[in-house]
Each structure stands twice: as structure tokens, then as C-alpha cells.
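Trainee: model this:
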Amino acid sequence: MRAFKFFASAVCALILAATCCTALNAGTAENSAASAIGRLLINELAPEKIEVAVSEGVEKAWVRCRGSKLSGLRVELMELSASLAANPALKESAASLAEVISESKGRMVLKEEDVNEYFAKGRNAGAFSDMRFRFLHKGFTASGKFESDLLFTKIELELEAKGKLALRSDGVYLEETDISLEGVRQPRRVTEFIIGRINPLLSFSKISFPVSFTSVDIAKGTIALNGKVEKIAAAGAYKWSGAD
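Mentor: Presented below is the predicted three-dimensional model:
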């Protein structure tokens, strides 16, 4: 009987040890995946801060980035809930986000001041200067200077614009826009030519992985791209700040 009790106790101890080991290994796998995803996002989007959570089994991830860069434009906030096609920590060669994320839903917030700084740094240099946008509840207004060719001379014309923002699969566009040059409202053909030099206001081309948004909302001073982002129960996590 004493031998049986000893044997039973030993079996229980082994089962408990195996369970603890499995849990530890699982947590290690999720933490490694979260860290790898975080590093990939840092390389691609250059955020100022990032948080990553990974679900048990490395099937889903939730991400929050602050101060990311898309084609030089600062993005105040980006959140993602993603389905994962692979664990980047287990790949033999360097993984890419396109290989790791099979699909994702996103949320993104842009600030008026960041858009204006983007243009001030020379986007569309040679066509626009001193461009300033204002984002309002019903759309946007913009003012600045537009450079045009008149015979053999380049001239700068005072530009004013107002319109709406539209969400497309490849970015955020200025639409239903009216433009005036030197106080004179321009015909549709001229307006489309000028807007074509700006659009898209925000391009998704630098996002290598699939992400979807469902709507664009404008509030005073901000643009919000909305999607059904959901937090997950984190089995692994990663945090990083460029200020650290």
C-alpha cells in the first residue's frame, strides 16, 4: 500500500510538472510571437510607441501604435485586430508582415497638425506651397498656393478649396471638391487636375499587410478611419517606446 501511494504521488507530480511546463512553453511562444510582430511593425511603420497582444495558440493579435509614419505622414493612432497566418518567431528566415497577417481590421486617427506638417515638409513640392488644411465636422477646407505654368513663366496662384473626404480601398481621397484660384471658382476639369496632384491624401500603399476600414469620420481637427477592432485575451505581450 505504501509503495502504491508513493507511485500515485509520483505520477501526480509528473502530471503537474508537465502541465506547468506546457503552460510555460505556451506563454513563451506567445511572448516570442508578440515580440517578433512588434519588431516587424517597428521596422515598417516606425512608431513612437507600440503595444502587441497575442492570443493563446498564436492565432490572433491586437496592436496599438502611436506616432507611426506612412509615406512620411505621421499617424496619431493605429489599432489592428489581426488573424495570423504564421508565427513569425518560428520562421527560419526573416518574416514579413504580409506573410504573418492573413487579414486585419483597423482603426486610424490623423491629426490636422500632422497633415499640415506633412505638406510643409514638401509633399508635392513644385506644385503646392503654404498648404493648410482644416478638418471640420462636414468636411475640409484648405488654402495655400498653387504653382502653374503660364507660357514660359511659372506663377503662384492663391488657392482655396473645400470638400469632403472619402474612404477607398487604397487610401483616403479628397472628393466633391470646389477650388478657387485668386478668388475665381474653377471649372470641374481644372479642379480635377489640381486634386489629382494631391490624391490620395493618405495612401495605404506602404501598408504591406491586408487591413480593412469601414468608414471615415471627420471631427474638428481630426480624421478617424474606423473598423471593427476588438481586443483579445492576451497570452503573450510586447511593449516598446522610442523614448525608453
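
Trainee: Please report the distance of the closest residue to Ala233 other than its chain neighbours from Lys105.
Mentor: Using CB to CB, 6 or more residues apart in numbering and skipping residues adjacent in sequence, the residue nearest Ala233 is Ser55, 6.4 Å away. No exception for glycine: its C-beta is placed from N, CA and C like everyone else's. From Ser55 across to Lys105, the span is 15 Å (CB to CB, to the nearest Å).

Trainee: circling back: correct me, but the residue nearest to Ala233 touches Glu30?
Mentor: Yes - counting by CB atoms under 8 Å, Glu30 is a contact partner of Ser55 at 7.5 Å.

Trainee: Show me which of those two is the more surrounded one.
Mentor: In this view Ser55 and Glu30 are compared by other CB atoms under 10 Å, and Glu30 has more residues nearby, 24 against 19.

Trainee: can you pull the pLDDT of the more buried one?
Mentor: What the model reports for Glu30 is a pLDDT of 91.

Trainee: What residues does the residue positioned nearest the centre of the chain make contact with?
Mentor: Among the residues of the chain, Met78 comes closest to the average C-alpha position under CA atoms, centre = their mean, at 4.5 Å. Taking CB atoms under 8 Å, 6 or more residues apart in numbering as the definition of contact, the neighbours of Met78 are Leu45, Pro47, Val63, Arg64, Cys65, Arg66, Ser68, Gly106, Arg107, Met108, Val109.

Trainee: Just the closest of the residues you listed to Leu202, please.
Mentor: Each of those was checked against Leu202 using CB to CB; the closest is Met108, at 8.2 Å.

Trainee: Look up phi and psi at the nearest residue to that closest one once chain neighbours are set aside.
Mentor: With CB to CB, 6+ apart as the criterion, Met108 has its nearest non-adjacent residue at 4.2 Å, and that residue is Leu225. Leu225 adopts backbone torsions of phi -100, psi 120, taken as degrees, to the nearest 10.
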